[in-house]
Structure formats: structure tokens, C-alpha cells
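Enquirer: Sequence plus predicted model, see below.
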Amino acid sequence: MRRMPQAPDFLRGIPPALLHELPARAAACWPAGTALTLDGEHLSYTQLQAQIERCAAGLVALGLQRGARVAVYLEKRVQTVVASFAAPAAGAVLVPVNPVLKAGQVAHILQDAQAQVLVTSAARLASLAPALGDCPGLQHVVLVDDGPPVDLPGGAALHGWADVLASPLAGLPRVLDMDVAVIFYTSGSTGRPKGVVLSHRNLVAGAVSVAGYLGNHAGDTLLAVLPLSFDAGFSQLTTAFLVGARVVLLNYLLARDVLQAMAQERVTGLTAVPPLYMQLAALDWPAAAVQHLRYFANTGGRMPRATLQRLRSLAPAAAPYLMYGLTEAFRSTYLPPEEVDRRPDSIGRAIPNAQVCVLREDGTECAVDEPGELVHRGALVALGYWRRPDETARRFKPWPPALLLAGGDWAAPELAVYSGDTVRRDADGFLYFVGRRDEMIKTSGYRVSPTEVEEVLYASGLVAEALVYAVPDEALGSAICAAVLASSQASGRAGDDNAALMAHCSRHLPAYMLPRQLHWVAQPLPRSPNGKLDRQRWMQEHGPIRPDAQ
């Protein structure tokens, strides 16, 4: 049974300024309230905060300097949450790593972030250790459980979780709200994932905004089904901790596991991506799964109208929230539930504490129904891309002076994030997604770089040329496909080469990045005038080969 809030009014009315102050304030306001539930076990806010404080002290005892990067490569578990808030409390920067990534991808993130500490499990370290030779900056590995000995390259020290938490409590570094708190890695259009740098202010402002329009409160129970390395997944923690709600951590295998958890834990709020909602919509929901459900929220892509209708029939008392966001600004728009029937295809209007405009190339505002780029300004706009000044300058640009309010001529220049997404605005100010300007593929709620998948195809030795592209898919949003020209190393037997190449991809890519179909070609792939493989020309000349066209 959840204990209802007994917090002083003055504390509840003062939002924290720093990321790690969210659980600290919750422990002061709702000390006996349940913060986390995992596999039927509960952790109060007082217990959670005590572990965060001890872990932060342990990280400082390792000799970390302010701004050091602490990577967390774990599935959803209590230690994942503790380390995620202890790192910024210690003056360090959290780097959450998606637990479905393969060793090479994890090593890239560790190397790019110049991580000094890795928090992981014994089983994950065993598979990752051979790739850690490419991470010379790694100094410490913290294991949250026991396992067989592992030789770490480069002389990195191995520490047990209990030993880190046993460090004596000591003073922590002074942290400001504009200091870097988290680096979320997201796929870029030109290759491997890049880090989006977020400040404490970004994350706390996001929690206040989202919790505000979702109406979150201390009586809520939020089901965390998204990866905590995903900004929307991490948001389940920040919004809950802001208001003293409970988070149920779920590592699920089947959609039925989600329904079972909803029923067993009396879930009031669910945030997920369209592919999961499509799986859930195909099931019959037990009455207990919707008995307490207050809302369901969609992020990571457009919800098909049929899926939305089915969900509303399954949970008629739950309010649907359709949201749009990008990691560079956390969350940009949402469609209020009362507008869903009138505008089911809209991505809504700006969330609280954000301004979103549709702009032309010259920085002027588009007319009604005129397509333009979605541009977002405000407290949620990230600091930029980690160690990528050129890409930062292309995406994070000054807000057009002509759009500043009166008196803005004396204000300091303000950076806005230019999304790369084309949208249009109707006469009532509601926005509609039109398309992306870059070649990123949105599938299963993830953004996937075609270049990254192509690199894996080439690394097999079976492919001389490769073009990765997307086709519409009702379940995934987009399905990844690849046109490939066989190399001299290929056997020439189509079935064998196809199986071998897919097996290679499965070893090096997570499931959401795997091509749904390989289309083998006999002639070189089309090229642009500058000699590059021409993805758009391939699509125009051949048309996408549907994944189900075998």
C-alpha cells in the first residue's frame, strides 16, 4: 500500500535546482513513500537517498575530478538508479548506456565520452572486456554483483559495489544548475552515436514541465518500460522523484509482462513507444490492468490511429497524451487529451516553459499550413553535442532576433535547437509532422543512422557496396532494409551469403538495428555526381523492396 504524501507545503512548492536534489527532496518530503519497486521488492525514498549519498561518497573517494564521466551499463535495477543520481551528486557526469547495445557500440561510447568509471555487472563485463582495450581513459570498473575474475586492459581497477558504498560520507563538490549532468547518446545522421550534453537545469526543467501537464502526484505509480538510457525513459525517474511518486522498474520480455505488471502494481501512468503499444493493443487486457490507469503517453514516433483507437477502447478512463520530442530538447510538444478526437494526427503544441516555432530558411516564421523547420527555445534546450563543435554549431543556432519579445534587443544571444524535422502549423497553432530533413531512420522508437548499419555490413567482408534505407512499417514505424552488392569473399550462393551476413549483423547490432531484408544486387549501386552512393536515387529508381516481399 502506497503511503500518501505528508510533506510540508513549503517544501513541496520549491522545485530543486539540481538533478540529484530530486530524490533528496523527495526523501525529505515523503520519507516513507516508496521510490522504487523491482520484482516485488520496494525501496523507500529514505533508503534510496541513503544509497545515493554513500555511492556519491564512494565515487569521490576514487579520486574523480569534477566533470569526470561515469558510464552506467546495466539493465533496470536499483543500482542503475542509485549510480545515475550519485554520479552528478559527486560532481561527475552520468553517461547512461543502452543495455541492448553490443560490445563494440558500448566501447565507442566509453571512448567517445572519455569515461573514467564504468558501472556494470559481471556478465556484461565478461562480454565487454575484450573491447575495453580501445578505452584508455577508463580507470575504474564497479561491479554491482559477483562473477568470475576478468582481466581488464590498461590497468583499470576493479571495485565491488558494496566496497564503493562503504566509503565514509564526506563533503561533495559544489554543483551549479548549468553544470553538465548527463550525456545521452543518440544516433547521428553521419555515423556512430553522438552525445547530447544536458545540464542539471535542462533535466529539472523537463521534469517540472512534463509532470505539470501529466498531472503527476505522490499517489502515482509509473511503470518504467523504456530504457533509462533513453531521455523519455530517464524522465520516468525525474518526474516521479519530483512529486514523490513510485517507479516500477520492469525488464520485460513479452508485452504480456507489461500488462501483468500494470495489474499487479496498480500502475497509474504508462509511457511507451508505438511498437510496444501496437503489441499491447493486440492483446486482451485484464480488468486489473486498467483499473488504476490514469493516462498513457506516446513518444518516439507517431502512434497509428488504429492503435490509438484500440488502446482507448481497452482503457476508456485513461487519458491519452501524444508527445513529440528530440533528445536535444528533451520534449517539445504534446497533444492534450481533449484534442485527440479533433486532431489525432497532430503532435500538439509546445509544452510548458518552451517556445516552438515553424521557421523558414531565412529565420522568418512560416504562415499557416506552410511547411518549415521545427525550432525550439527555452530551458530544455541542451548544451550541444559532446566534443563535436561543428555539429553543435549546425544544430544549435541563435534564436532569430526578429522573434524576440519587446526589449529583447538588449538581451544576451540565446541558442535554440533546430530540429531538422519539417512540420506545419494549423490556424489554431497545432503542429503536424511532415518529415525529416536528414537520413535518420526512426524505428521502434529509436533513431538509427543508416551509415552505422552500413559500417557493420562492410565489416563482414561479404559486401562490396551497401545502401541502408527505410520503408514504412505499421508495427515499427519504419523497417530497415539494405541493398547490397556481394564482395569477392562472398560464396555466390544467395541463401548462404544472406544467412551469413544476417548472422554477422546479429553479433554486432542490437535487434532494433537489424535489417529486415537484404536485397542483393548484381550491378554496382547508383552514385551521385561526387561519387558517393546515392540513397535517394536508389529509392527513386528501384522503389523500396518491402520487408514482406520475399
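Expert: Now that the structure is in, tell me what you want to look at.

Enquirer: domain parsing for the chain?
Expert: The record's domain parsing of the chain by automatic domain parsing lists 9-195, 354-438, 443-542.

Enquirer: In a markdown table, list these along with mean pLDDT.
Expert: Formatted as a markdown table, these follow (pLDDT from 0 to 100):
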| stretch | mean pLDDT |
| --- | --- |
| domain 9-195 | 92 |
| domain 354-438 | 88 |
| domain 443-542 | 85 |
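
Enquirer: Looking at the ones you listed, which one is packed in the most?
Expert: domain 9-195 (a mean of 19; mean count of other Cβ atoms under 10 Å). C-betas here are computed from N, CA, C, even on glycine.

Enquirer: In contact with the spatially closest residue to residue 326 that is not a sequence neighbour, which residues?
Expert: Closest residue to residue 326 apart from its sequence neighbours, by Cβ to Cβ, 6 or more residues apart in numbering: residue 419 at 5.5 Å. Listed by Cβ atoms under 8 Å, 6 or more residues apart in numbering, the contact partners of residue 419 are 326, 328-329, 332, 373-376.

Enquirer: Just the ones in helices from the residues you listed, please.
Expert: The members of the contacts of residue 419 all map outside helices under DSSP state H.

Enquirer: Distance to residue 157 for these - can I get that in JSON lines?
Expert: Formatted as JSON lines, the contacts of residue 419 follow (distance: Cβ to Cβ, whole Å):
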{"residue": "326", "distance to residue 157": "38"}
{"residue": "328", "distance to residue 157": "35"}
{"residue": "329", "distance to residue 157": "38"}
{"residue": "332", "distance to residue 157": "42"}
{"residue": "373", "distance to residue 157": "47"}
{"residue": "374", "distance to residue 157": "46"}
{"residue": "375", "distance to residue 157": "46"}
{"residue": "376", "distance to residue 157": "42"}
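
Enquirer: Out of those, which comes closest to residue 385?
Expert: residue 328 (8.3 Å; Cβ to Cβ).

Enquirer: Number of residues surrounding the closest one?
Expert: When counting by other Cβ atoms under 10 Å, one arrives at 27 neighbours for residue 328.

Enquirer: So for it, what's the pLDDT?
Expert: pLDDT recorded at residue 328 is 95.

Enquirer: How about residue 238, nearest residue that isn't a chain neighbour?
Expert: Among residues not flanking residue 238 along the chain, residue 207 sits closest, at 3.8 Å (Cβ to Cβ, 6+ apart).

Enquirer: any idea how far stretch 485-503 is from the chain center?
Expert: Computed by Cα atoms, centre = their mean, to the nearest Å, the chain-centroid distance of stretch 485-503 equals 34 Å.

Enquirer: likewise stretch 67-85?
Expert: Remark: stretch 67-85 is offset 14 Å from the chain centroid, using Cα atoms, centre = their mean.

Enquirer: before we move on, back to that, hang on, the residue nearest to residue 238 packs against residue 239?
Expert: Yes: assessed by Cβ atoms under 8 Å, residue 207 is found in contact with residue 239 at 5.0 Å.

Enquirer: Quick check, residue 114 in contact with residue 67.
Expert: No: Residue 114 is beyond contact range of residue 67, at 10.3 Å (criterion: Cβ under 8 Å).

Enquirer: In JSON lines: the domains of the chain, plus distance to residue 218.
Expert: What follows is the domains of the chain, written out as JSON lines (distance: least, Cβ to Cβ, whole Å):
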{"stretch": "domain 9-195", "distance to residue 218": "6"}
{"stretch": "domain 354-438", "distance to residue 218": "24"}
{"stretch": "domain 443-542", "distance to residue 218": "28"}
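
Enquirer: how close does the closest residue to residue 173 other than its chain neighbours get to residue 202?
Expert: Excluding its sequence neighbours, the residue lying closest to residue 173 (Cβ to Cβ, 6+ apart) is residue 91, at 3.3 Å. Distance of residue 91 to residue 202, computed by Cβ to Cβ, to the nearest Å: 17 Å.

Enquirer: One more: residue 470?
Expert: Residue 470 is 30 Å from residue 202, by Cβ to Cβ.

Enquirer: Take the contacts of residue 419 and keep only those in strands.
Expert: Judged by DSSP state E, the contacts of residue 419 include 373-376 as members of strands.

Enquirer: with the residues you listed in mind, which one is nearest to residue 487?
Expert: Nearest to residue 487 out of those is residue 373 (Cβ to Cβ; 39.5 Å).

Enquirer: Which residues does that closest one form beta bridges with?
Expert: residue 359, residue 422 (DSSP bridges).
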